[in-house]
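>>> Next one to model:
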Amino acid sequence: MAHPTLTREDLEQLRARIEQELAEIDAQLAKLGGVDPANQVDWEPSAGSIEVDASDKSEVADKIEELIDNNAILSELEVRRKKLERALEKMEAGTYGFSELSGEPIERERLFADPAARTTIAEREQEDTLPI
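Just a heads-up that it's a prediction; the model follows:
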């Protein structure tokens, strides 16, 4: 089913934006952590070199705080990455641009504001209820 307001050029632009954002996210993920060896689709945070003088409590605390911060950022990036990947999958399947709640076309301006949008403007508050 073709989206009623998106042209082929629009879809090409949106795909390019999604791919660019994915590349940026991958670069950020690589700076904050690495792929979990036990689960290749998951990332785990790092705090750089943890080799600190254990007797220096403030240095140890700083490394732990960095690890916690990296984990929070990493989690947000992983969620955004999954949403972008889903958008590309939907483009391939021909279902891109339609609400996952109602099936209604997502407004063109919403898709250009967020190419990974999964709902219409009216439904956006419910988007967080959708599974990742």
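>>> Going by neighbour count, which residues of stretch 83-91 are buried?
83-84, 86-88, 90-91 (16 or more other CB atoms under 10 Å). C-betas here are computed from N, CA, C, even on glycine.
>>> Can you give the contact residues for it?
With CB atoms under 8 Å, 6 or more residues apart in numbering as the test, stretch 83-91 has contacts from 11, 14-15, 18-19, 21-22, 25, 96-97, 115-116, 118, 132.
>>> And for stretch 13-22?
Stretch 13-22 has contacts (CB under 8 Å, 6+ apart) with 6, 80-81, 84-85, 87-88, 91, 96, 111-112, 115-116.
>>> For those residues, work out which two are farthest apart.
Farthest apart among the contacts of stretch 13-22 by CB to CB are Leu6 and Arg81. That separation is 22.9 Å.
>>> need the contact list for Ile73.
28, 32.
>>> I'd like the average pLDDT over the helix or strand containing it.
If you go by DSSP states H and E, Ile73 is part of helix 57-93. In this model, helix 57-93 has an average pLDDT of 82.
>>> I would like the C-alpha coordinates for stretch 22-31, written out in PDB, please.
Below are the C-alpha coordinates for stretch 22-31, written out as PDB (Å, rounded to 0.1, in the frame of the first residue of the first chain):
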ATOM      1  CA  LEU A  22      22.100   4.900  12.200                       C
ATOM      2  CA  ALA A  23      25.700   5.500  11.300                       C
ATOM      3  CA  GLU A  24      25.900   8.300  13.800                       C
ATOM      4  CA  ILE A  25      24.400   6.100  16.500                       C
ATOM      5  CA  ASP A  26      26.800   3.300  15.700                       C
ATOM      6  CA  ALA A  27      29.700   5.700  16.200                       C
ATOM      7  CA  GLN A  28      28.300   6.900  19.500                       C
ATOM      8  CA  LEU A  29      27.700   3.300  20.600                       C
ATOM      9  CA  ALA A  30      31.200   2.400  19.800                       C
ATOM     10  CA  LYS A  31      32.500   5.200  21.900                       C
END
